[in-house]
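Student: Need a 3D model of the sequence below.
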Amino acid sequence: MFNADMQAAVDNAAAKYGAAGIQAAVVRAGVASETYFTGWAVKDVQPMTQDTKLRSASISKVAIAIELMLLQEEGKLSLLDPLSQHWGAPVQNPNHPEVPITLQTCLTHTTTILPFDFNISRAYEASVQQLMRPESYTMETPGTQMAWAYNNYVFSVLGMALERTSGTYLDLFLNANLWDPLEADAAFEGGELRDTAHIATLYQQDGSVGLSADVQRTFKRPLVPASTGINFAGGLTASAGDLAKMTAVLSNEGAYHGRQILTPASVATMRQGQFPVQGVFLQAQPLRVQNNLFQRQTICYHSGSAYGGLHLLSFDPDTGDGAVVLTSGAANPMDDSGLYAVCTEISEAFYQILANSRQ
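Tutor: The predicted model follows:
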């Protein structure tokens, strides 16, 4: 269902923002549809195609949340469980010993665990020790709006906790329960993809390499599940089309082509706004929600950026429409919505074209 105006939106954004490559996929009324692309996956070697796989940065957190919901549906955990219950060691803010740090606070970035950078080890044993130190916590009360702080470190911990509870790797669990049913190929470690030949190099805005395809192919699962969370906050590698299928599940009450992947209740939980952040969006679990974005009444979304990649996954829960935009090497100005302008311009064009097609 090729649309020349959608391709033009991708081409124009690539030229305007100097992207090395862009891949963007469409969700039409709850069904993943076509993918548009331009530029290079690997400069002067491999063009961008619909099959190219890109490291999606923080969009990874959406897949983590889907696994949590699936485990909850299986009765292996509850969103309100203390994180300690699935971590195997105490995780408690000593300033608020009566308030548990729950799995839900992980999704809403309100654990009060400090948002450590990647200089702090993501290995399990090191993380256990880190989380037992009183200085690893803020003074805020877990689970409250004031406790909000975007936290990659916590999603590394959450991923390891889910591997402990499921007894297997996140990749293998999601393959069985999400990616294989969707006929998608995605992995938290690029080297674990079925198709590693089409991994994209991520370029910085100045044209330098942020993360090469060859290096990504060396990323493998550890020998033991839950031994490290290094890739869980941002390592999910997939095509825009793969992520559009995941988006379609969330925009279509958990169903995809008649198959129920998640229950409607699980989808509603992920989309449920909890509190406003910075006067811009509502923090959901872990999606974000904005009103009057892309000329739609409500948009649920998650963005991501790392190594020069600027990305956005979004959907309209009322119509089931959606868009996934993955970019490499683009300039990174942000718009008034707190999103990267290159992703906003493509997404807004896609939503407008989808709306016009129904008139």
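Student: What are the buried residues along the helix or strand where Leu71 lies?
Tutor: For Leu71, the element it lies in under DSSP states H and E is helix 60-73. Judged by neighbour count using 16 or more other Cβ atoms under 10 Å, the buried positions of helix 60-73 are 60-72. To be clear about C-beta, it is placed using only N, CA and C from the backbone, and glycine gets the same treatment.
Student: Please enumerate the helices of the stretch 201-350 of the chain.
Tutor: Assigned by DSSP state H, counting those that start in this stretch, the helices in the stretch 201-350 of the chain fall at 213-217, 240-251, 264-271, 341-357.
Student: Minimum distance to Leu170: which of those helices has it?
Tutor: helix 240-251 (13.9 Å; Cβ to Cβ).
Student: mind listing what's buried in stretch 187-204?
Tutor: Residues of stretch 187-204 classed as buried: 187-190, 192-193, 196, 198-204 (neighbour count, 16+ other Cβ under 10 Å).
Student: where does the stretch 51-200 of the chain have low pLDDT?
Tutor: Low-confidence segments of the stretch 51-200 of the chain (pLDDT under 70): none present.
Student: possible to save the buried residues of stretch 187-204 as TSV with distance to Leu178?
Tutor: TSV is the format used below for those (distance: Cβ to Cβ, whole Å):
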residue	distance to Leu178
Ala187	12
Phe188	12
Glu189	16
Gly190	18
Glu192	15
Leu193	15
Thr196	20
His198	20
Ile199	20
Ala200	22
Thr201	26
Leu202	24
Tyr203	29
Gln204	31
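Student: Distance to Gln297 and secondary structure for these - can I get that in TSV?
Tutor: Below are the buried residues of stretch 187-204 laid out as TSV (distance: Cβ to Cβ, whole Å; DSSP: H, G, I helix; E, B strand; the rest coil):
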residue	distance to Gln297	secondary structure
Ala187	35	strand
Phe188	34	coil
Glu189	38	coil
Gly190	37	helix
Glu192	39	helix
Leu193	37	coil
Thr196	41	coil
His198	37	coil
Ile199	37	strand
Ala200	34	coil
Thr201	38	coil
Leu202	34	strand
Tyr203	36	strand
Gln204	36	coil
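Student: Which pair of the residues you listed spans the longest distance?
Tutor: Taking every pair in the buried residues of stretch 187-204 and measuring Cβ to Cβ, the maximum separation is 25.2 Å, between Glu192 and Gln204.
Student: And the residue nearest the centre of the protein?
Tutor: Centroid-nearest residue in the chain: Ile59, 1.5 Å away (criterion: Cα atoms, centre = their mean).
Student: and the gap between it and Thr108?
Tutor: Applying Cβ to Cβ, to the nearest Å, the value for Ile59 to Thr108 is 17 Å.
Student: Then Asn252?
Tutor: From Asn252 across to Thr108, the span is 24 Å (Cβ to Cβ).
Student: Over to Leu114?
Tutor: Separation of Leu114 from Thr108 (Cβ to Cβ): 16 Å.
Student: which one of these two has more residues nearby?
Tutor: More neighbours surround Thr108 than the other of Leu114 and Thr108, with 23 against 18 (other Cβ atoms under 10 Å).
Student: doesn't Gln283 make contact with the more buried one?
Tutor: Yes: between Thr108 and Gln283 there is a contact under Cβ atoms under 8 Å: 5.4 Å.
Student: Now for these two: what residues contact both?
Tutor: 148, 274-275 (Cβ atoms under 8 Å, 6 or more residues apart in numbering).
Student: Closest one to Met48 out of those residues, please.
Tutor: Proximity of the shared contacts of Thr108 and Gln283 to Met48 was ranked by Cβ to Cβ; the top entry is Trp148 with 35.7 Å.
Student: count of neighbours near that closest one?
Tutor: Neighbours around Trp148, by other Cβ under 10 Å: 20.
Student: Contacts only, for it.
Tutor: Going by Cβ under 8 Å, 6+ apart, Trp148 touches 108-110, 275, 277, 283.
Student: repeat for Tyr169
Tutor: Going by Cβ under 8 Å, 6+ apart, Tyr169 touches 163, 221, 225.
Student: That one and Pro264, how far apart?
Tutor: 28 Å.
Student: again, but for Ala15
Tutor: Look at Ala15 and Pro264: by Cβ to Cβ, they are 41 Å apart.
Student: could the shared contacts of Thr108 and Gln283 go into CSV alongside distance to Gln352?
Tutor: Output for the shared contacts of Thr108 and Gln283, formatted as CSV (distance: Cβ to Cβ, whole Å):
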residue, distance to Gln352
Trp148, 32
Gln274, 29
Phe275, 30
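Student: In strands, which of the residues you listed appear?
Tutor: Under the assignment DSSP state E, the shared contacts of Thr108 and Gln283 contribute Phe275 to strands.
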